[in-house]
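A.B. asks: Sequence first, then the predicted structure, then my questions.
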Amino acid sequence: MACGEFSLIARYFDRVRSSRLDVELGIGDDCALLNIPEKQTLAISTDTLVAGNHFLPDIDPADLAYKALAVNLSDLAAMGADPAWLTLAFNLTGRRRSVA
């Protein structure tokens, strides 16, 4: 089963759309629009985790999500930042099995 960008979003993420007032536009577009309070600085971290390098290919998806979040939260903590939002980047190849 082919699984494109928008079908992945519809299948897994539509139900988690933000109701926060500081999120002008969230998941589903090419970028997010966030309302940042005056005199605040935004710190963003996105580390890529590669199967076979950073985790075993058969890892449980919940464990992988936990690890990906922990790695990036650690980077933010190292900078003294308080997390407010989550971003997620996928790099998928056609060689993987379909996500059930």
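C.D. replies: Sure, I can see it.
A.B. asks: so where's this structure uncertain?
C.D. replies: 1-3, 14-18, 29, 94-100 (pLDDT under 70).
A.B. asks: and residue 24, how far is that from residue 33?
C.D. replies: Counting by Cβ to Cβ, to the nearest Å, the separation of residue 24 from residue 33 is 4 Å. C-beta here means a position set from N, CA and C on the backbone, and glycine is covered the same way.
A.B. asks: go on, residue 67?
C.D. replies: Separation of residue 67 from residue 33 (Cβ to Cβ): 28 Å.
A.B. asks: Can you pick out the residue with more neighbours from these two?
C.D. replies: Neighbour count, other Cβ atoms under 10 Å: between residue 67 and residue 33, residue 67 has more, with 14 against 10.
A.B. asks: those helices in the chain, which residues are they?
C.D. replies: Taking DSSP state H, the helices of the chain run over residues 5-12, 61-78.
A.B. asks: who's in contact with the nearest residue to residue 63 once chain neighbours are set aside?
C.D. replies: Once flanking residues are discounted, residue 63 sits nearest to residue 55: 8.0 Å by Cβ to Cβ, 6 or more residues apart in numbering. Going by Cβ atoms under 8 Å, 6 or more residues apart in numbering, residue 55 touches 49, 63, 64, 67.
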